[in-house]
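In: Pasted the sequence and its predicted model underneath.
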Amino acid sequence: MLVDGAQKPLWHSFESFAVDDLVFAGIVDMWTAHKKDVVFMETVHHLRYHPHTVVHAVPLEAEHGELAPMYFKKGIQDSDEQWSQHKKVIDTRSKGLRKSVPRGFPYFSVEFGMDGGFAHVIEDEQKFPKYFGHEILGNIVDVMPHTWLRPKKEQFETQKRKVVQFSRLWVQSPAALIPCAAIECM
């Protein structure tokens, strides 16, 4: 794991557009109560044959959270094809992710809490690394590359302990008031 408390992955779906904003807000509230910033990373790919979305919610110390927008913007600018059909960096802060990225395109997005963030339409899915966001986070928190390139498989007991810890944090947070229907996708 890159950082303690990171959800691995938060959920799998066809796209996060189907997930209620209350879930995102609840996770932000939960970590804000512990004086942490949250970065949501989403990768949508393989839309032709096996549509798939992976969303990660990563809590960061405040000083790392302040650096995250700068690191991600630079990382997205340096990614993918030099000459692309789509804008390299799509700012989602004013219109939100749903209105900024056209449906039906593979993309990577990063959101900083509930304040919006950046998105990038993936031009060539074969060349775009699946660890892209993790590499940038690894640079922010200064961990060795093998941490995100070849993460160790966790034992069941370790995973179980992390689920229990997360459940306790969730129940103690304002997020516990979210209706059950809003979090069924998790």
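Out: Nice, thanks for sending it over.
In: OK, contacts around the most centrally placed residue in the chain?
Out: For the chain, residue 41 is the residue whose C-alpha lies nearest the centre (C-alpha atoms, centre = their mean; 1.7 Å). Residue 41 sits next to 55-56, 58, 108-110, 133-134, 137 when contact means C-beta atoms under 8 Å, 6 or more residues apart in numbering. All C-beta atoms are positioned from the backbone trio N, CA, C, and that covers glycine.
In: Point out the least confident member of those, please.
Out: Among the contacts of residue 41, residue 55 carries the weakest pLDDT, at 85.
In: how close does that one get to residue 142?
Out: Remark: distance between residue 55 and residue 142 (C-beta to C-beta, to the nearest Å) = 24 Å.
In: Residue 100 too?
Out: Applying C-beta to C-beta, the value for residue 100 to residue 142 is 30 Å.
In: more crowded one of those two?
Out: Between residue 100 and residue 142, counted using other C-beta atoms under 10 Å, the more crowded position is residue 100 (19 against 7).
In: Can you pull the phi/psi pair for that one?
Out: Torsion angles at residue 100 (phi, psi; degrees, to the nearest 10) stand at phi -100, psi -30.
In: Residue 115 now?
Out: Main-chain dihedrals, residue 115, degrees, to the nearest 10: phi -90, psi 10.
In: could you list every residue that touches it?
Out: Going by C-beta under 8 Å, 6+ apart, residue 115 touches residue 93.
In: how far away is it from residue 134?
Out: 21 Å.
In: Can you check my assumption that the residue nearest to the centre of the chain lies in a strand?
Out: Yes: assessed with DSSP: H, G, I helix; E, B strand; the rest coil, residue 41 lies in a strand.
In: Count the neighbours of residue 77 for me.
Out: Residues near residue 77, counting by other C-beta under 10 Å, number 12.
In: Surely it and residue 89 touch.
Out: Yes: look at residue 77 against residue 89 with C-beta atoms under 8 Å: they come within range, at 5.9 Å.
In: How about the secondary structure of the closest residue to residue 66 other than its chain neighbours?
Out: Nearest non-adjacent residue to residue 66, counting by C-beta to C-beta, 6 or more residues apart in numbering: residue 37, 7.7 Å away. Per three-state DSSP, the local secondary structure of residue 37 is strand.
In: how about residue 37, what does it touch?
Out: Taking C-beta under 8 Å, 6+ apart, we find residue 37 in contact with 31, 59-62, 64-66, 68, 112-113.
In: need the strands for this protein, in chain order.
Out: Assigned by DSSP state E, the chain shows strands spanning 11-13, 36-45, 52-61, 90-91, 107-112, 117-121.
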